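Undergrad: Dropping a prediction and its sequence here:
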Amino acid sequence: NGGTDRGQADGFDLETLGKLDGVKDNVSPSKDVRHLIFELFFCGAAELGDLVSEEAQECYDRGAQLVEDLAPLLKKVSRAVQRDAEGTMKLSKNVRVGLEDAEDGVKELAQQLAQQQEALQAALQCTDDPVDPLKL
């Protein structure tokens, strides 16, 4: 679709993912394009051999780094699929934050506050004007 009015899209709706099962693999009829996407993302381009360009390998490496960077955050969210009273499946998420994590954050903020207060006091000592409103 490149060069047409319908081409060059920068994104897609999530509902589009449900339509990907229509693009079948000509080698293995039980697979579709979703399998290829997940194999690239989770298994890596190396397993696909010559089918993948160097550029695709770089994209995979960046995607793998993103997943690795997000892993600690994603591990702190528990997810459960439950049925509501009407029988509809609902996804519930609960964020688990350890007290140690919060304590570390508070300690870091306290250190930053102390540094900023020291810098403010040093700046105030440099002023010699007795009518300066910042002079304490």
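TA: That came through, no problem.

Undergrad: CA atoms for contacts and neighbours, from now on please.
TA: Noted.

Undergrad: element containing Q82, please.
TA: strand 77-83 (DSSP states H and E).

Undergrad: partner strands of that strand, parallel or antiparallel?
TA: Paired with strand 77-83 in the same sheet, following DSSP bridges, are strand 89-95 (antiparallel).

Undergrad: what does the strand it pairs with rub up against?
TA: The contact list for strand 89-95, computed with C-alpha atoms under 8 Å, 6 or more residues apart in numbering, reads K76, V77, S78, R79, A80, V81, Q82, R83, D84.

Undergrad: next helix or strand past that strand?
TA: Following strand 89-95 in sequence order, the next helix or strand is helix 99-125 (DSSP H and E).

Undergrad: Any idea which residue is closest to the centre of this protein?
TA: Among the residues of the chain, the one closest to the centroid is L70, at 5.4 Å (C-alpha atoms, centre = their mean).

Undergrad: Pop the domain breakdown of this protein in here.
TA: Domain segmentation of the chain under automatic domain parsing yields 14-95, 97-136.
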